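Asker: give me a model of this one.
(chains A and B)
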Amino acid sequence: MAIEVRVPTVLRKHTGGERKVTGSGATLRELVDDLETRNAGLRGALVGDDGSLHRFINVYVNDEDVRYLGGINTPLDDGDSVSILPAVAGG
Amino acid sequence: MTRARIQGQLDLDQATYDALVAHARSDFPYEVCGLLAGDGGRVVKHYEIPNAARSMTFYTMEPKALLHAMNEMDDAGWDLLAIYHSHTHTEAFPSATDVELAFYPDAVYLVVSLQDADAPVIRGFDIVDGTIVERVVYVDGLQAPVGSR
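Answerer: Purely as a prediction, here's the structure:
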């Protein structure tokens, strides 16, 4: 099952400079685990020790923010497109 | 006025500078935010991104608008030249929160201050690993005012 993942510039150090990578998984968590096997360090940039997504990382499935889907447990289908972006925030 | 080490510059054109000030004023007293896309150091597009926090002291870019802007830049081969937000009651210098949440080391962080409503100030900074380095902002080749406070 192939899912395309769009990687932001700041995380391309984990993907050998690639802006798009592909992976597989029935949920976002499985996809992240699969990506980690070929892109070491990517999981740590997305997921905390408690297994949930970092607060200031935006992950989207087909343009929808996964906060409004199922977070790290969001189900994925073949052909889905995932995007990752660090939040832009401040005070 | 709070200062940091100064290194480098950021070039803006007058229309972009004016648009940033106008955007900051448009939702006063709430903070506004947005992005500047660049090509070879020149601004090629200005994105106003909604502040999902709609706060006087915090901003967080609305995730979907942020994604669409970033994807457009990436597809066009543009750089994320600058990230800007307004300070409606404080000076144009990054707050502790701004430093803590600076996840884009390659972008210049612009702060538009309306502390003096009649004399807006825009200053630019690199924020890398918690360290602030100021860039001199030029508008059509002339140094932008940095204000008195």
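Asker: just checking, what packs against the host helix or strand of A:Asn58?
Answerer: Here A:Asn58 sits within strand A:57-61, counting by DSSP states H and E. Applying 3 or more CB pairs under 8 Å, 6 or more residues apart in numbering or on different chains; DSSP states H and E, one finds that strand A:57-61 contacts helix A:42-46, strand A:81-86, helix B:63-76. Just so you know, the C-beta spots here come from the backbone N, C-alpha and C atoms, and that holds for glycine as well.
Asker: so for B:Val99, which of the ones you listed sits nearest?
Answerer: For those, distance to B:Val99 was read as CB to CB. The smallest value, 14.5 Å, belongs to strand A:81-86.
Asker: may I see the buried residues of that closest one?
Answerer: By 16 or more other CB atoms under 10 Å in any protein chain shown, the buried positions in strand A:81-86 come out as A:Val82, A:Ser83, A:Ile84, A:Leu85, A:Pro86.
Asker: so in that sheet, which strands flank whichever helix or strand comes after that strand, and in what orientation?
Answerer: Toward the C-terminus, strand A:81-86 is succeeded by strand A:89-90 as the next helix or strand (DSSP H and E). Strand A:89-90 has the following sheet partners, assigned by DSSP bridges: strand B:59-60 (antiparallel).
Asker: other residues contacting the partner strand?
Answerer: For strand B:59-60, contacts defined as CB atoms under 8 Å, 6 or more residues apart in numbering or on different chains pick out A:Ala87, A:Val88, A:Ala89, A:Gly90, A:Gly91, B:Glu31, B:Val32, B:Cys33, B:Asn51, B:Ala52, B:Ala53, B:His85.
Asker: enumerate the residues of chain A near chain B.
Answerer: A:6, A:8-10, A:19, A:56, A:58, A:60, A:63-65, A:67, A:83, A:85-91 (CB under 8 Å from any CB of the partner chain).
Asker: for ChimeraX, what selects the buried ones among those residues?
Answerer: Those of the residues of chain A next to chain B that count as buried under 16+ other CB under 10 Å are selected in ChimeraX with:
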select /A:6,8,9,10,58,60,65,83,85,86,87,88,89,90,91
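Asker: in chain A, what residue lies closest to chain B?
Answerer: The minimum distance from chain A to chain B, using CB to the nearest CB, falls at A:Gly91 (3.2 Å).
Asker: for the residue of chain B positioned farthest from its centre, give its distance to B:Ala69.
Answerer: What lies farthest from the middle of chain B is B:Asp75; by CA atoms, centre = their mean that is 22.3 Å. Using CB to CB, to the nearest Å, B:Asp75 is found at 11 Å from B:Ala69.
Asker: please apply the same query to A:Ile72.
Answerer: Using CB to CB, A:Ile72 is found at 25 Å from B:Ala69.
Asker: re the thing from before, format the buried residues of strand A:81-86 as a markdown table; extra columns: pLDDT.
Answerer: Putting the buried residues of strand A:81-86 into a markdown table (pLDDT from 0 to 100) gives the following:
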| residue | pLDDT |
| --- | --- |
| A:Val82 | 97 |
| A:Ser83 | 97 |
| A:Ile84 | 97 |
| A:Leu85 | 96 |
| A:Pro86 | 96 |
